[in-house]
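>>> Structure here, sequence nowhere to be found:
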């Protein structure tokens, strides 16, 4: 290891070991320093606190002419005398802990002066004490000389103007003739004639075709407004080349203020334009070097973070989100060390091109450092796009890289986070993306992880559902259930509604209330609608072949489907392929989409009714449909929403509205279906009002095709009068339980899925009973019953915070709230500790339902949970 004496003196013997470790992983190791910067175009060096040179790269000799050994020790001798104070001044500022950038004039070894741009960056020990300075010197002599050249050209042009070397012209507006001076002819490369005049059109022929219209517009505007103008344009010379000129024109008026002449001068500015273009090219090159990685030519970290800053500013106005990824190559260091840096460099170049080819114009790939890359994506419409892209990148690396004679394989770990959910500053979002990257590496590498510590369980579940919804049909995860529609007076089966369910591989059966809004948002609702129609037609065909009596089946359809040009063709095709009678199909559409796509819906309904399809208005009463809509759309059926039915026997106004709706429907010769009928009181009321059909748990919950076939054969269903189901409190456990009069508030966190750890925020639940073996809790979230999905509960009992892990073993439902049984996943030592706390807790509860220092909740548990859920 190279000497560290100057570092050891500065940081003290107690930190020597730390310094040596730091040395091994930074530029202090001379071998690694040389390896990294040997071919760097700029001079790179390390100074100690006394401004003595410790390490330099080979570019020092190319820029300054001195050998590496000649500059070891003191850098002061190469400064031009008047600049030595500047160098010391900025070095001292760097020692104070702030990076510095300045320009100076130094001597080349051969004696000539060169201009350099120098950057000093302080070296910190333990991120506190400055122990040296990194230096980077760029040769900007060419740039400085170019600036001098531009100034020289400017001076020459000014002198030329002073001595009259300017072309002039005079346009007689009345006669339509233009007179050119000799200098004008010279500028255009033409022979001069004293009495030569041109027409306007002839003069315009010497102006570059791309500039003619602009020039004509300027002349016409000047004549019309009597105002002078200046304009830059190009003139075509006789030899076919063109030059840049700058023109100034004045208008001459007669005594009546009418324009009679235009007089103007032009100046050849070609040299100035060409020089400025060259300087712009040089500046662009310098900028490119400053903001791009020299190996891969990708944007560097500075460019990457500036882009994030820019997107954050844009988002403050547009509220647009964006995502960033950090991609870390797995085991790249092993390739570098075993095959050498040249092979490693070529591998990085190939990888950069391969990944960059996967990105669009709303993406940016940058090399952050070493084997880490950053990706920013913005202006995407699908929430799952960052995940999709991560998968594509991981898959693209499965193909080997051919570097010289080596066939090399790479895998990558990817961390993902999004603005503003996972951070509102560059530092925050970068930190959280790195956290996700580290978690991906910890989880076996060659995978991606989203940063999710700010998400609660419900939000995390929504992310899963959004990500997996599009694969649900391909993976055969959708199910179709049927809920009978029955005559309330006779119990006869009249029809049924087809209801789609999603059996998610992790979350189990997912309610339509959870995934249908996602499908509407992403446009996947059309695919689901087509799938349901196909399944219903297929079932009807199978029932006919089995000689079952068929009843009409209603299907929920989104009005979005009517916006697609192919909807008629697909609809007819599915019915014809399965030989389905159109009268057996009823389409249900909601009030909300009805209003949103009114024009398209009216046209679609007209076609469908002519074809023999019946139309139903679903969830009537939940939206803003006026009675004129009911008349204009000519519905066959109105379905009264369950929110009205639920109020029967409780709310007199609701009963009046239901009576009015049934009476109105009869007058319009429409069928009426009451949804969500669950009690005997509701059924009796609807019988009295002669409602034609009812649908709800009092007759049947949604059932599978096999179960529905049984009902098709029976044709008659009997009401279940005890359908006001109570929560089942059956004792399901081996250990004793403490049943709580008032539930305990608890934070619940999802900790692992299928063996993979997740870090999420917490969700509020209520614990109804607890024992050494598990607990019973209430939540508004539909959770999976799986042994490989674990949860952690945190609650307060007698002043002690209990943290308990386990998995769900059973589930029940009441009033939109789910009741779960959780089995603890704990060892016997943990169980013994819980038993002691619970025994003491049980003793206190014998005399009081509520005891101090416990997180009891005293209000109605269902109201509380729904309120908490809306807050989350």
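Done, it's in. Remember, it's a predicted structure, so these values are computed and weren't measured experimentally.

>>> Is the nearest residue to residue 680 once chain neighbours are set aside in a helix, a strand, or coil?
Spatial nearest neighbour of residue 680, excluding adjacent residues (Cβ to Cβ, 6 or more residues apart in numbering): residue 721 at 4.8 Å. Where you see a C-beta, it was placed from the backbone N, CA and C, and this is true even at glycine. Counting by DSSP: H, G, I helix; E, B strand; the rest coil, the backbone at residue 721 sits in coil.

>>> what residue ranges in the stretch 351-500 of the chain score low on pLDDT?
The model of the stretch 351-500 of the chain has pLDDT under 70 over residues 442, 452-456, 458-460, 462-463.

>>> all strands of it, in order?
Secondary structure of the stretch 351-500 of the chain by DSSP state E, counting those that start in this stretch: the strands cover 363-369, 372-378, 401-403, 406-408, 411-419, 448-450, 478-486, 493-504.

>>> now those as CSV including distance to residue 742 and mean neighbour count?
CSV is the format used below for those (distance: least, Cβ to Cβ, whole Å; neighbours: other Cβ atoms under 10 Å):
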stretch, distance to residue 742, mean neighbour count
strand 363-369, 53, 20
strand 372-378, 49, 22
strand 401-403, 64, 16
strand 406-408, 64, 13
strand 411-419, 40, 24
strand 448-450, 38, 25
strand 478-486, 37, 22
strand 493-504, 34, 20
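
>>> Would you mind giving these as TSV with distance to residue 590 added?
Below are these laid out as TSV (distance: least, Cβ to Cβ, whole Å):
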stretch	distance to residue 590
strand 363-369	37
strand 372-378	33
strand 401-403	53
strand 406-408	56
strand 411-419	31
strand 448-450	33
strand 478-486	17
strand 493-504	13
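
>>> What does the pLDDT read for the residue nearest to residue 680?
pLDDT, residue 721: 70.

>>> Run a quick neighbour tally on it.
10 (other Cβ atoms under 10 Å).

>>> can you tell me how far it sits from residue 114?
Counting by Cβ to Cβ, to the nearest Å, the gap from residue 721 to residue 114 is 100 Å.

>>> How about residues contacting stretch 217-235?
171, 173, 187-188, 200, 206-208, 210-211, 214-215, 242-251, 253, 257, 259, 262, 266, 269 (Cβ atoms under 8 Å, 6 or more residues apart in numbering).

>>> Show me how the chain divides into domains.
5-139, 148-274, 300-451, 475-511+533-714, 738-871 (automatic domain parsing).

>>> Which of those domains comes out lowest on mean pLDDT?
domain 5-139 (a mean of 76).

>>> quick one on the thing from earlier: format the domains of the chain as JSON lines; extra columns: distance to residue 464.
Listed next are those as JSON lines, based on distance: least, Cβ to Cβ, whole Å:
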{"stretch": "domain 5-139", "distance to residue 464": "39"}
{"stretch": "domain 148-274", "distance to residue 464": "57"}
{"stretch": "domain 300-451", "distance to residue 464": "10"}
{"stretch": "domain 475-511+533-714", "distance to residue 464": "6"}
{"stretch": "domain 738-871", "distance to residue 464": "9"}
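
>>> was I right about the residue nearest to residue 680 contacting residue 678?
No: using Cβ atoms under 8 Å, residue 721 is not in contact with residue 678; the gap is 10.5 Å.

>>> what is in contact with those two at once?
Going by Cβ under 8 Å, 6+ apart, residues that sit against residue 721 and also against residue 678 are residue 698.

>>> related to what we said a few turns ago, compare the strands of the stretch 351-500 of the chain and give me the one nearest residue 695.
strand 478-486 (4.7 Å; Cβ to Cβ).

>>> Surely residue 550 forms part of a helix?
No: applying three-state DSSP, one finds residue 550 to be coil, outside a helix.

>>> wouldn't it be in contact with residue 583 here?
No: Residue 550 is beyond contact range of residue 583, at 10.2 Å (criterion: Cβ under 8 Å).

>>> Which one's more surrounded, those two?
Comparing residue 550 with residue 583 by other Cβ under 10 Å, the one with more neighbours is residue 550, at 14 against 11.

>>> who touches the more buried one in this structure?
540, 543-544, 584, 712.

>>> Against residue 642, how distant is the residue lying closest to residue 467 once chain neighbours are set aside?
In space, and not counting its chain neighbours, residue 467 is closest to residue 384: 4.7 Å by Cβ to Cβ, 6+ apart. Using Cβ to Cβ, we find residue 384 at a distance of 32 Å from residue 642.

>>> Who has more neighbours out of those two?
In terms of neighbours (other Cβ under 10 Å), residue 642 is the more surrounded of residue 384 and residue 642; the figures are 19 against 16.

>>> Dihedrals phi and psi, that one?
As for residue 642, its main-chain torsions (degrees, to the nearest 10) stand at phi -60, psi -20.

>>> go on, the one 3 residues further on?
Here is the backbone geometry of residue 645 (degrees, to the nearest 10): phi -60, psi -40.

>>> Would you mind confirming that it makes contact with residue 676?
Yes: Residue 645 lies in contact with residue 676 (Cβ under 8 Å); the separation is 4.9 Å.

>>> Could you check which of these two is surrounded by more residues?
residue 645 (25 against 18).

>>> what sits against the more buried one?
So residue 645 contacts 658, 674-677, 682, 686, 696 (Cβ under 8 Å, 6+ apart).

>>> same question, residue 589
556-559, 601, 615-618.

>>> Mark which of those residues are part of helices, please.
residue 601 (DSSP state H).

>>> Show me where the stretch 501-650 of the chain has its strands.
508-510, 553-556, 585-590, 614-620, 637-640.

>>> Just put those strands in a markdown table and tack on distance to residue 319.
Output for these, formatted as a markdown table (distance: least, Cβ to Cβ, whole Å):
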| stretch | distance to residue 319 |
| --- | --- |
| strand 508-510 | 29 |
| strand 553-556 | 32 |
| strand 585-590 | 28 |
| strand 614-620 | 31 |
| strand 637-640 | 37 |
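
>>> Give me the neighbour count for residue 172.
Residue 172: 14 neighbours (other Cβ under 10 Å).

>>> Looking at strand pairing, list the partners for it.
residue 177, residue 261 (DSSP bridges).

>>> before we move on, back to that, could you list which of the contacts of residue 645 belong to strands?
674-675 (DSSP state E).

>>> Next, the distance between the ends of stretch 101-121.
9 Å (Cα to Cα, to the nearest Å).

>>> Which parts of that stretch count as buried, going by neighbours?
Using 16 or more other Cβ atoms under 10 Å as the test for burial, stretch 101-121 gives 102, 104-107, 114-120.

>>> Inside strands: which ones of the contacts of stretch 217-235?
171, 242-251, 253, 259, 262, 266.

>>> just these now: which is nearest residue 77?
For those, the nearest to residue 77 is residue 244 (46.9 Å; Cβ to Cβ).

>>> Can you tell me the number of residues neighbouring that closest one?
17.

>>> what are the bridge partners for it, then?
Bridge pairing for residue 244 - DSSP bridges - gives residue 234.
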